[in-house]
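Colleague: sequence first, then the predicted structure:
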Amino acid sequence: MKIYGDIYSGNCYKLKLLCSLLSIQHQWIAVDILKGETQTPEYLKMNPSGGIPLLVTDEGEFLAESNAILFYLARNSRYLPDDNLQQAGVLQWQFFEQYSHEPYIAVARFIARYLGLPEDRKAEYESKQVGGYRALDVMGHRLNRGLFLVGDQCTIADISLYAYTHVADEGGFDLWRYPAILGWLKRIQSLDGYIEMGD
């Protein structure tokens with residue numbers, strides 16, 4: 001299979017991390033969104049939304065959206081529970097990641113890391129801090145009561161939220177305020193097969 005992505009994007013790193021944890025063989029194809037490489041006719045034919053990551057299965061099918069791809073890759077593995085309620089819990093946290101976490105923490109990081117915090121984006125950057133800390137508060141509350149977000153072992157819910165949380169400081173967020181989150185980050189980093197962003 002092939003994965004098109006940017007290794008420093010959290011949404012793409014999620015897939016790279018899960019592939020490493022599960023020893024899934026794949027070809028990584030680097031894509032530079034800032035150079036417009038997701039807007040070429042060839043790429044848009046594969047993914048009309050023009051986003052990354054994009055998975056091309058062994059059968060030649062295309063699958064977009066990072067959490068949908070995680071769900072596909074994690075099937076029949078320890079990272080996706082069999083229990084229906086726990087599966088719903090995984091989806092709950094993945095929806096939270098996309099709607100309540102990523103739009104704040106990932107966007108603040110993008111403005112600071114990718115764009116260099118230009119003057120005309122500073123107000124937007126600062127406005128992202130409130131929502132980002134609200135998301136971290138929710139995560140901290142949950143992780144004060146358990147080792148992982150769903151059940152007692154790591155799932156793709158954790159991988160989804162780990163991707164941007166572990167680099168939240170690059171978006172101006174102070175993780176030292178959240179000892180439960182820091183402990184959770186260490187537990188994920190200790191998993192067999194763990195790789196750093198950029199590896």
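Modeller: Thanks, I have the structure now.
Colleague: please save the CA atoms from stretch 25-36 in PDB.
Modeller: Extracted C-alpha coordinates of stretch 25-36, given in PDB (Å, rounded to 0.1, in the frame of the first residue of the first chain):
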ATOM      1  CA  GLN A  25       4.600  -2.500   5.200                       C
ATOM      2  CA  HIS A  26       3.900   0.500   3.000                       C
ATOM      3  CA  GLN A  27       5.500   3.000   0.700                       C
ATOM      4  CA  TRP A  28       5.600   6.600   2.000                       C
ATOM      5  CA  ILE A  29       5.200   9.300  -0.600                       C
ATOM      6  CA  ALA A  30       6.200  12.700   0.600                       C
ATOM      7  CA  VAL A  31       3.800  15.500  -0.300                       C
ATOM      8  CA  ASP A  32       4.500  19.300   0.200                       C
ATOM      9  CA  ILE A  33       1.200  21.100   0.700                       C
ATOM     10  CA  LEU A  34       2.900  24.500   0.800                       C
ATOM     11  CA  LYS A  35       4.200  23.900  -2.800                       C
ATOM     12  CA  GLY A  36       0.700  23.000  -4.000                       C
END
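Colleague: show me this protein divided up by domain.
Modeller: 2-74, 84-189 (automatic domain parsing).
Colleague: all strands for the protein, in order.
Modeller: Assigned by DSSP state E, the chain shows strands spanning 2-5, 27-30, 54-56, 62-64.
Colleague: how far out from the middle of the chain is the third one?
Modeller: So the one you mean is strand 54-56. Relative to the chain's own centre, strand 54-56 is displaced by 16 Å; criterion: Cα atoms, centre = their mean, to the nearest Å.
Colleague: and if you look at the first one?
Modeller: Average the C-alpha atoms of strand 2-5, do the same for its chain, and the two points are 15 Å apart (Cα atoms, centre = their mean).
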